[in-house]
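Trainee: A structural model of the following input is requested.
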Amino acid sequence: MSPKRRRRCRVRSAMIKSYSRLAPALRHSKLLGQRGTLSGRFLARSISSSQVQRDKHDCKVLVVGGGCGGCALAAKLSTRLGKDKVIVLEPEERHYYQPMFTLIGGGMKRLEQSYKQMADVLPKKAKWLKEKAVEFDPDNNTVRTSGGNTVQYDMLLIATGLQLNYNKVPGLQAALAVPNGKVCSIYSPKYVDRVFNCLRNIKEGNAIFSYPASSIKCAGAPQKIVYIAEHYFRRTGKRDKIDITYNTALPVLFGVKHYADALWPIMNKRNITVNTCRNLIEVKHEQDIAVFEAINKPGKYFEEKYSMLHAVPPQSAPDELTRCKQLVDEAGYVDVDKFTLQHTKYKNVFAIGDSANTPNSKTAAAAAAQSPVVFHNMIAVLEGKPVREVYDGYASCPLVTGYHTCMLAEFDYSLTPLETFPVAQNKERYSMFIMKKDLMPILYWKLMLPGYWNGPALMRKIFSVFKSKQ
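Mentor: Purely as a prediction, here's the structure:
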């Protein structure tokens, strides 16, 4: 055989070997194209996420945020509009049931019980783009992402939630970074486990709890952990050695007088000192000193020594959102009509939950009550019809007052009680505690996130029959 012919044979043989190695991969690739999945649900959603990045990034509805409001609306909208008509922009891999953080702080639940994988809770008919929104352009109906992608939308739902600004209090982050330290916070999964450690570690001295001078998630949570801590100290026999102080930047104990009037006696009975209009502005963790400023007397400061400090960080809408001045009000929240949740300028933009400038308490219960209003009004806009659904400002706050009691506060925009059950809800009850601890998490995962739970309005109507007989 000639040298030239031998070279051709070697080339042909190499090509055959290369194809034999490549063929299984090609067959597997075709199989993936037909099935659209890989083994393992999370990996499947990751494939779906990367496919969105290869697509042209346009959608009927863009949902920015995969929290409770965003997830619930994505489920409702994708069910109505069909597969791949909704894109969810959310960078996190875990979805936390944040109302559980207070119970984790008291040692009643564990952190691993509070979350599920984001891939498991987002609706399967929606596309998940695992990136963060970094720039909003409502004039051109686009959002730019952290991955450098641009998403074009017909309708935009902003469900970003709030941003925790621990960095706004000098010394707070450094104090929270001290291993086995005296400073803790229930507001972040990063720090929540420190709370129960602090409860166990403190032997005597001052236990100080704060409430910041800003809008926050669940306005009742900062005092819930006060009640739980006081009960824990009694149970462990060290209450008489610990002085408890609750410093709140608010001028009142609770925003709804009906419940505040019931909470003050609890504070007094348990010998908890309450200072209103007092805001945490600095933590000097080397000296175990917390610095507070009087809200009603700027420039007047209080340096308080602590053996334990529970700090609630100032909170705001995310920076990426507040930079878009067309979308937000002066405080940085999405400027919407408080009844329809539709943007005041851009009629194809809606907001749900904590990032909206609606004057309601920022809770998951509020987002649940807003969800049917936002859904029906968004569908109306898509169909060229006027928006008619109205949100009444409903919010709920299960005020846990210990290891077996809870007061369920429910109210509307006017701060008038809007109670569901045919009993006095301004009283501590074991039944409400069980509902908060065991039933509400099930309702959240099984009904709210899939888009089935719209708040207790229907239950309230049913129970109203029994109320009228009283």
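Trainee: contacts, neighbours, all on C-alpha from now
Mentor: Will do.
Trainee: from the chain's centroid, how far away is the strand ranked longest in the chain?
Mentor: Assignment by DSSP state E gives strand 150-158 as the longest strand of the chain. Taking Cα atoms, centre = their mean, to the nearest Å, the mean C-alpha location of strand 150-158 is offset from the chain mean by 21 Å.
Trainee: elements contacting that strand?
Mentor: Judged by 3 or more Cα pairs under 8 Å, 6 or more residues apart in numbering; DSSP states H and E, the packing partners of strand 150-158 are strand 58-64, strand 142-145, strand 349-351.
Trainee: highest mean neighbour count out of those strands?
Mentor: strand 349-351 (a mean of 27; mean count of other Cα atoms under 10 Å).
Trainee: confidence score at Pro3?
Mentor: At Pro3, the pLDDT value in this model is 46.
Trainee: check the one 10 residues further on too.
Mentor: We have a pLDDT of 50 for Ser13.
Trainee: please apply the same query to the one 4 residues further on.
Mentor: pLDDT for Lys17: 43.
Trainee: same question, the one 5 residues further on
Mentor: Confidence per residue is given as pLDDT, and for Leu22 that number is 38.
Trainee: can you check the one 5 residues further on too?
Mentor: Note on Arg27: pLDDT of 38.
Trainee: ok, now Gln163?
Mentor: You'll see Gln163 listed with a pLDDT of 97.
Trainee: residues near it, how many?
Mentor: Neighbours of Gln163 under the rule other Cα atoms under 10 Å: 17.
Trainee: residues contacting it?
Mentor: By Cα atoms under 8 Å, 6 or more residues apart in numbering, the contact list for Gln163 reads Gln315, Ser316, Ala317, Pro318, Asp319.
Trainee: sort out which residues of the longest strand of the chain are buried, please.
Mentor: Neighbour counts over strand 150-158 (16 or more other Cα atoms under 10 Å) mark Thr150, Val151, Gln152, Tyr153, Met155, Leu156, Leu157, Ile158 as buried.
Trainee: pull the contacting residues for the residue lying closest to the fourth one once chain neighbours are set aside.
Mentor: To tie it back to what came earlier, the one meant is Tyr153. Using Cα to Cα, 6 or more residues apart in numbering and skipping residues adjacent in sequence, the residue nearest Tyr153 is Cys59, 5.0 Å away. Neighbouring residues of Cys59 by Cα under 8 Å, 6+ apart: Asp84, Lys85, Val86, Ile87, Val151, Gln152, Tyr153, Asp154.
Trainee: look up phi and psi at the nearest residue to the first one once chain neighbours are set aside.
Mentor: So the one you mean is Asp84. Leaving aside its chain neighbours, Asp84 sits nearest to Ala126 (5.2 Å; criterion: Cα to Cα, 6+ apart). Torsion angles at Ala126 (phi, psi; degrees, to the nearest 10) stand at phi -100, psi 150.
Trainee: does Ala126 touch Leu89 like I think?
Mentor: No. The pair Ala126 and Leu89 does not pass the contact test of Cα atoms under 8 Å, sitting 10.4 Å apart.
Trainee: spit out the residues that contact those two alike.
Mentor: Common contact partners of Ala126 and Leu89 (Cα under 8 Å, 6+ apart): none.
Trainee: how about Ala159, phi and psi?
Mentor: Here is the backbone geometry of Ala159 (degrees, to the nearest 10): phi -140, psi 50.
Trainee: again, but for the one 3 residues further on
Mentor: Dihedral angles of Leu162 (phi, psi; degrees, to the nearest 10) stand at phi -110, psi 160.
Trainee: I figured it was touching Ser355, is that so?
Mentor: Yes. Using Cα under 8 Å, Leu162 is in contact with Ser355, at 6.1 Å.
Trainee: which neighbours do the two share?
Mentor: Common contacts of Leu162 and Ser355 (Cα under 8 Å, 6+ apart): Ala317.
Trainee: compare these two (neighbour count), which wins?
Mentor: Legend: neighbour count by other Cα under 10 Å for Leu162 and Ser355, higher for Ser355 (24 against 21).
Trainee: how about low-confidence regions in the stretch 351-470 of the chain?
Mentor: By pLDDT under 70, the weakly predicted segments of the stretch 351-470 of the chain are 468-470.
Trainee: now do the helices in it.
Mentor: Ranges of helices in the stretch 351-470 of the chain, per DSSP state H, counting those that start in this stretch, are 364-382, 430-434, 440-443, 457-468.
Trainee: against Val64, how distant is the residue nearest to Asp84?
Mentor: As judged by Cα to Cα, to the nearest Å, Ala126 and Val64 stand 12 Å apart.
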